[in-house]
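1. need a structure here:
(chains A and B)
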There are 2 protein chains.
Amino acid sequence: MQDMTTTQTPAAQPRLERPAPDFTALLSDRARLMKASTIRELLKLTQQPDIINFGGGLPAPELFPLDDIGRAASAALERYGPAAVQYGTTEGHLPLREWIAAQTPGLTPAHVQITTGSQQALDLLGKILINEGDSVLVEAPTYLGALQSFQPYGPQYLEMPTDDHGIDVDALEELLRAQRAQGRMPKLMYTIPNFQNPTGRTLSLERRRRLVELSGEYGVLVIEDDPYGKLRFVGEELPSLYSLSLERCGNPDLSHVIYCSSFSKTLVPGLRDAWVQAAAPITDKLVQAKQGADLHTPTLTQMIVAELVQDVLPRQIERVRVAYGERAALMLAGLREHFPQGVQFTEPEGGMFLWVTLPEGLDTAALLPRAVENRVAYVPGTPFYAQGGGANTMRLSYSNATPAQIEAGIAALGATLRSAL
Amino acid sequence: MQDMTTTQTPAAQPRLERPAPDFTALLSDRARLMKASTIRELLKLTQQPDIINFGGGLPAPELFPLDDIGRAASAALERYGPAAVQYGTTEGHLPLREWIAAQTPGLTPAHVQITTGSQQALDLLGKILINEGDSVLVEAPTYLGALQSFQPYGPQYLEMPTDDHGIDVDALEELLRAQRAQGRMPKLMYTIPNFQNPTGRTLSLERRRRLVELSGEYGVLVIEDDPYGKLRFVGEELPSLYSLSLERCGNPDLSHVIYCSSFSKTLVPGLRDAWVQAAAPITDKLVQAKQGADLHTPTLTQMIVAELVQDVLPRQIERVRVAYGERAALMLAGLREHFPQGVQFTEPEGGMFLWVTLPEGLDTAALLPRAVENRVAYVPGTPFYAQGGGANTMRLSYSNATPAQIEAGIAALGATLRSAL
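-> Numbering: from 1, shown residues only, chains lettered A, B, ... in the order given. Sure thing, here's the model as predicted:
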């Protein structure tokens, strides 16, 4: 036996002149803070074709303006020739930055930095702002992708309590006062005021005003993430924190608010075109960070978006708003009909998500396999909390499901919950 | 006067309820390590239309296969429908990863990560590998963009001496031995073996073999950056460090070499499609880092490249090789004719750059304004040195200049140098 093993070894496995590299030991401490997205891992389990999946955060692909995108690609190649696929400026395609700046009085292209999706905006802002150990204020719950972007830079998260009208600003003021008394002022706040991911909640106007005041009083920078703001299907549009801040300070270079938005939810996500608008000292540093990160966002995809902002984008926003409004209403009707007593849910005025809270003691992660048996899936809520908790919560997305899927899926999920209670 | 000033102030400048934010104080320590690219700043000065600019590192736009790209965009939208502009996987478009993996025996798509340009590959590798204070080996001189990507992660650079055949491997071995004796083993080496940026030099086969041995013996990871490898116009193709490493260790998951390449120089740069191939523990961590950095590279641009790799890419490589070969030969002939005695220059076998060394005591940064007066520009060499030096060197690019521009520009640059000597 010993001899046979010895003889076979070289054939079965090439003789190594050196040991296998210990890759784990070679990783940075930063890399050890990174984790695979629990949601992405989980979605892999639920992506069998016959499962109705309310878990993903995908826009409705059947609404994408494919013909317009094809025409815009041809138009950009025609209009710009080789420049459409040559290296471009780090700041981004100037006509696109000009269009974005023109949406806000007083803004110039110098205040606008194009990013490769909003995810890159969050990564670059984390990179230029967060020192290891810095306190960062986040909603509880908050967007998981922001936590993922910030995580490698070593923040300490401070959770801001929220209710049906968004961040509880009184509790926030308490928190800020207590932190200041301890000499541990947070440098940064991250918030999604419109149709928040994951809860679908919207920050009220009164609270927006107070939040902007607090950011100035306490010297806290605010990252306002607004991918969904244009997708309102109930009620009146509210001013952004950014515009309220400009009203107060009168000059984009004096604002504590850094505004991020994207064409991913209004147009299409796969072109990866998004932007940051902020005071010039912030955008100047973002340019340097982006030079090192990817030099620039692809030229052609920026030009495609620039071809579409005038005519196609407004039509597309209208189309998406109407469709998501119908789907949200249908899902809410289903929740009222099929979900058992004691289950609570938010009623979003726009965007893609709503948030379900089960009675205490139930665990949505533990329930998921039973839901999948019933051919329906969702995302358990815990990963959206920076400091854990929320075991009895879940996020449902209505954006990427047909009316028939919403009716059947919510009925199946209701049955799953009733059997669990 | 005092009264007038007081009266005018509110109109000229809105009254602030709070002081202007001190953005500088709010930046991370990391942000303070970032600098604007000296080259980009400098190129702005030299971008008047009548200046012959050998400074940029741009591919020749008149060679771009624009019609093929337009057709590929239409084909991708036709073939994949909404999926061409929907969110995609972080790892990248599978058919593209499969094509890349198929170029190297034994490689699978699990070893391939698509990145938003090679610049992102360098940023993500820096992020997952470099701890503050880690020693990183770089050529002297080296690619400025790599220094920019790594810089925010706080490396200490160790310069590897180079000569006309690339890294001096004997000197490197001395350096590694000395570092080991001091208990300060570098974790990482960054190198461009083919037609290096900025020098145009190529690492000899014998040295490649020794470099791969040393990386194994000393446990140093090697980032092999190879954007130009396919653009050889003189001599025979040499095996990559990566392929030599696979020969030695027999398994992609045991290799110390991390290989980066790109479609930017072979096809077009503005689509921002590049890749890393490495051991699975490295690509697994890259996926996590990229999730936080930009979720994924744009779907459509990856699909465009995937449509072109079979037929258009080989034709395009041939076209670019021939053109750059002619331009390099023309520039070398001009250097021999017009440059004064005592000026040395490299003779590249491929790629886009060559490197000029003036007699000691001359300063190419100080000479640049005189060259610009003569309507010609180049990049001074100092920014390519991690630790400074090289004041008498410059980089010239022949890729983005017509034959007539090369002849006139080199004559003008020769006149500038002769008048300086």
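
2. can you count the residues close to the residue in the stretch 101-250 of chain A positioned nearest to chain B?
-> Residue nearest to chain B within the stretch 101-250 of chain A: A:Gly250 (3.5 Å; Cβ to the nearest Cβ). All C-beta spots, glycine's among them, are computed from the backbone N, C-alpha and C. As a burial measure, A:Gly250 scores 14 neighbours (other Cβ atoms under 10 Å in any protein chain shown).

3. cool, and the one 5 residues further on?
-> For A:Ser255, the number of neighbouring residues by other Cβ under 10 Å comes to 29.

4. Equivalent analysis for A:Met185, please.
-> Look at A:Met185: counted by other Cβ under 10 Å, it has 14 neighbours.

5. Not counting sequence-adjacent ones, nearest residue to it?
-> Excluding the flanking residues, the one nearest A:Met185 by Cβ to Cβ, 6 or more residues apart in numbering or on different chains is A:Gln179, at 5.6 Å.

6. Tell me how far the one you found lies from A:Val222.
-> Separation of A:Gln179 from A:Val222 (Cβ to Cβ, to the nearest Å): 15 Å.

7. Tell me which stretches of the stretch 201-350 of chain A form helices.
-> All helices of the stretch 201-350 of chain A, identified by DSSP state H, counting those that start in this stretch, fall at A:205-218, A:241-249, A:280-294, A:299-308, A:312-338.

8. re the thing from before, so A:Gln179 and A:Val222 - more neighbours on which side?
-> A:Val222 (24 against 17).

9. Report the contact partners of that one.
-> Contact analysis of A:Val222 by Cβ atoms under 8 Å, 6 or more residues apart in numbering or on different chains lists A:Leu188, A:Met189, A:Tyr190, A:Thr191, A:Leu211, A:Val212, A:Ser215, A:Leu241, A:Ser245, A:His256, A:Val257, A:Ile258.

10. What's the per-residue pLDDT of it here?
-> A:Val222 carries a pLDDT score of 98 in this model.

11. what does A:Arg180 give?
-> For A:Arg180, the pLDDT comes out at 95.

12. Check the contact between it and A:Tyr218; I expect there is one.
-> Yes - A:Arg180 lies in contact with A:Tyr218 (Cβ atoms under 8 Å); the separation is 6.8 Å.

13. more crowded one of the two?
-> Using other Cβ under 10 Å, the more surrounded residue of A:Arg180 and A:Tyr218 is A:Tyr218, with 19 against 13.

14. Chain neighbours aside, what residue packs nearest to that one?
-> A:Leu176 (4.8 Å).

15. Outside of the one helix or strand the one you found maps to itself, list whatever touches it.
-> Secondary structure assignment for A:Leu176, by DSSP states H and E: helix A:169-181. Contacts of helix A:169-181 with the rest of the structure, by Cβ under 8 Å, 6+ apart, involve A:135, A:137, A:158, A:160-161, A:185-186, A:207, A:210-211, A:214, A:218, A:220.

16. Tell me the spacing between the residue of the stretch 101-250 of chain A closest to chain B and A:Gly106.
-> 8 Å.

17. again, but for A:Ala25
-> Counting by Cβ to Cβ, the gap from A:Ala25 to A:Gly106 is 52 Å.

18. Compare those two (neighbour count), which wins?
-> Neighbours were counted for A:Ala25 and for A:Gly106 using other Cβ under 10 Å; A:Gly106 has more, 11 against 8.

19. Tell me how many other residues surround the residue nearest to the more buried one when sequence neighbours are not counted.
-> Nearest non-adjacent residue to A:Gly106, counting by Cβ to Cβ, 6+ apart: A:Pro252, 5.9 Å away. Residues lying near A:Pro252 (other Cβ under 10 Å) number 25.

20. thought A:Leu211 was touching A:Leu241?
-> Yes - between A:Leu211 and A:Leu241 there is a contact at 6.2 Å, judged by Cβ under 8 Å.

21. any common contacting residues for these two?
-> A:Thr191, A:Val222.

22. per-residue confidence for A:Leu45?
-> In this model, A:Leu45 carries a pLDDT of 65.

23. Dihedrals phi and psi, the closest residue to A:Leu308 other than its chain neighbours?
-> Excluding the flanking residues, the one nearest A:Leu308 by Cβ to Cβ, 6+ apart is A:Ala72, at 5.3 Å. Dihedral pair for A:Ala72: phi -70, psi -40, per degrees, to the nearest 10.

24. Tell me the secondary structure of A:Tyr157, please.
-> Under DSSP: H, G, I helix; E, B strand; the rest coil, A:Tyr157 falls in the strand class.

25. Distance-wise, check it relative to A:Phe54.
-> Distance, A:Tyr157 to A:Phe54, by Cβ to Cβ: 27 Å.

26. Which one's more surrounded, these two?
-> Ranked by neighbour count (other Cβ under 10 Å), A:Tyr157 and A:Phe54 place A:Phe54 first, with 28 against 19.

27. can I assume A:Ile304 is in contact with A:Gly70?
-> No - using Cβ under 8 Å as the test, A:Ile304 is too far from A:Gly70 to be in contact (9.4 Å).

28. out of those two, which sits in the busier spot?
-> Using other Cβ under 10 Å, the more surrounded residue of A:Ile304 and A:Gly70 is A:Ile304, with 32 against 18.

29. Without its sequence neighbours, what residue ends up closest to that one?
-> Per Cβ to Cβ, 6+ apart, closest to A:Ile304 is A:Ala72, 4.4 Å.

30. Ok, A:Ala101 next?
-> Closest to A:Ala101 by Cβ to Cβ, 6+ apart is A:Leu107, at 4.3 Å.

31. Check whether that neighbour really touches A:Ser255, as I assumed.
-> No - the criterion here is Cβ under 8 Å, and A:Leu107 misses it with A:Ser255 at 10.3 Å.

32. that older thread, now do the residue nearest to A:Gly106 against chain B, distance only.
-> Per Cβ to the nearest Cβ, to the nearest Å, A:Pro252 is found 12 Å from chain B.

33. wait, what's in contact with that residue?
-> Here A:Pro252 is in contact with A:Thr104, A:Gly106, A:Leu107, A:Thr108, A:His111, A:Leu246, A:Gln277, A:Ala278, A:Ala279, A:Ala280 (Cβ under 8 Å, 6+ apart).

34. PyMOL command for the buried members of those?
-> Typed into PyMOL, the line below selects the buried ones among the contacts of A:Pro252, using 16 or more other Cβ atoms under 10 Å in any protein chain shown:
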select buried, chain A and resi 104+107+111+246+277+278+279
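
35. nearest to A:Phe339, of the contacts of A:Val222?
-> A:Phe339 lies nearest to A:Thr191 out of the contacts of A:Val222, by Cβ to Cβ, at 28.5 Å.

36. neighbours around that closest one, how many?
-> Around A:Thr191 there are 26 residues (other Cβ under 10 Å).

37. Tell me how far it lies from B:Gln341.
-> Counting by Cβ to Cβ, the gap from A:Thr191 to B:Gln341 is 67 Å.

38. Same check on A:Ala404?
-> As judged by Cβ to Cβ, A:Ala404 and B:Gln341 stand 83 Å apart.

39. Within range of chain B, give me the residues from the stretch 251-400 of chain A.
-> Residues of the stretch 251-400 of chain A lying near chain B by Cβ under 8 Å from any Cβ of the partner chain: A:251, A:253-256, A:264, A:268-272, A:279, A:281-282, A:285, A:287-289, A:291-301.

40. Among those, filter down to the buried ones and hand me the ChimeraX syntax, if you would.
-> To isolate the buried ones among those in ChimeraX, judged by 16+ other Cβ under 10 Å, type:
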select /A:253,254,255,256,264,268,269,270,271,272,279,281,282,285,287,288,289,291,292,293,294,295,296,297,298,299,300,301
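
41. Brilliant, that's me finished.
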